[in-house]
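K.L.:
build me a structure from this.
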Amino acid sequence: MKRRLLTLVSLFVALFSVTSAYGWNSAGHAVIGHIADQNLTPKARKMCSHYLGHSLAYYASWLDRWRYSEEYHHTARWHAVGVKDGKLIPGELVGDISIFRAPLTPDEHGVARMEQMLTALKDYRNMTDSAVAVNLKCIIHMVGDMHCPGHVFYDGQKQFEFKENGKDMRFHGYFDKAFPRFHKGKTADQFYDGYRRLTKAEIEELCKGDMESWVRAAEPTFRECYTLLSPTIDYKDLPEQNKTRIKEIADRLMVEAGYRLAEVMNRIFK
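P.N.:
Numbers count the residues shown, from 1 in each chain. I've put the predicted structure just below:
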């Protein structure tokens, strides 16, 4: 088992030397990374800086960049998770219409893969710096994805297309672009500064458990998102309370992801 985990770790090492050319370019993931950066323990901040050479926000979309390369296309499934009959399975089986060339296995989803990387990182002191770095970069992005309504798929709750000002829009893409949609022109600093900071007790309560329990706890919120949008009504004609509620949900999920990403890093480097 350990050999398998180390093999998973080593898959990305060859990419490490060229990642600086890309950085992050997704506003929502950058916000999540920025919030996490502000909530690291001193040790976690020092270790993340050592292994990454940049902030968490800088590498927030690193995995999105590399998923399209031929060698690492199989990581595309790691951005989503499906929930069927109470079990976590690949999102492709319950609504993700993306096409993959890699074989499908029961653990080809974000939660399982992240847990495997976290298990490997328990031994980070005996891993190469580049191996630790690429695992951290994957986790930084995946924590954010697991908090996005467009990346969690439910049996019997299929994602749909709708119209926005007469143009086609997918449920998935709508939530992926939630930050620039609702906070046009704002920086990550401005968003975080304007959002109510959680107390220490609130953060501790929010960060109890692990990625699987966080996904399961968010299920009612994710399902609510399907009721707020409509495949038959143009977005501009939705009731204003629907749009307001969608913004509230998107903002809260990004903030929660930021605090939890910090918690994940703090646990790795405790």
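K.L.:
so where's the protein shaky on pLDDT?
P.N.:
Scanning the chain for pLDDT under 70 picks out the ranges 1-25, 71-72, 96-101.
K.L.:
90 instead, please
P.N.:
Residues of the chain meeting the criterion pLDDT under 90: 1-26, 64-77, 91-105, 155-159, 172-173, 177, 180-181, 196.
K.L.:
quick one: buried residues of whatever helix or strand Val134 lives in?
P.N.:
Using DSSP states H and E, Val134 sits in helix 129-145. Neighbour counts using 16 or more other C-beta atoms under 10 Å place 130-145 of helix 129-145 among the buried residues. Bear in mind the C-beta positions are built from the backbone N, C-alpha and C, glycine included.
K.L.:
name the surrounding residues that touch the next helix or strand after that helix.
P.N.:
The helix or strand immediately downstream of helix 129-145 is strand 152-154, counting by DSSP H and E. Outside of strand 152-154, the residues within contact range by C-beta atoms under 8 Å, 6 or more residues apart in numbering are 80-84, 91, 94-96, 146, 159, 215, 218-219, 222-223.
K.L.:
shouldn't Ala262 be in contact with His34?
P.N.:
No: counting by C-beta atoms under 8 Å, Ala262 stays clear of His34, with 10.5 Å between them.
K.L.:
between those two, point out the one with more neighbours.
P.N.:
The neighbour count for Ala262 versus His34, taken as other C-beta atoms under 10 Å, is higher for Ala262 (26 against 20).
K.L.:
any idea whether that one is helix, strand or coil?
P.N.:
Put simply, Ala262 is helix when judged by DSSP: H, G, I helix; E, B strand; the rest coil.
K.L.:
quick one: contacts for it?
P.N.:
Applying C-beta under 8 Å, 6+ apart, the residues contacting Ala262 are Ile35, Ala36, Asp37, Gln38, Asn39, Leu40, Ala44.
K.L.:
for the residues you listed, which one is nearest Thr244?
P.N.:
Of all the contacts of Ala262, Ile35 has the smallest distance to Thr244: 22.0 Å, by C-beta to C-beta.
K.L.:
how about the nearest residue to Phe179, chain neighbours excluded?
P.N.:
In this structure, Phe179 finds its nearest non-sequential neighbour in Gly28, 4.0 Å apart by C-beta to C-beta, 6 or more residues apart in numbering.
K.L.:
that neighbour: how many residues sit nearby?
P.N.:
Gly28: 26 surrounding residues under other C-beta under 10 Å.
K.L.:
likewise for Arg77?
P.N.:
25.
K.L.:
shouldn't it be within a helix?
P.N.:
Yes: judged by three-state DSSP, Arg77 forms part of a helix.
K.L.:
these two touch, right, it and Pro90?
P.N.:
Yes: Arg77 lies in contact with Pro90 (C-beta under 8 Å); the separation is 5.5 Å.
K.L.:
which neighbours do these two have in common?
P.N.:
Leu104, Glu108, His109.
K.L.:
is it true that the last one touches Lys84?
P.N.:
This points to His109. No: if you go by C-beta under 8 Å, His109 and Lys84 don't touch, sitting 11.2 Å apart.
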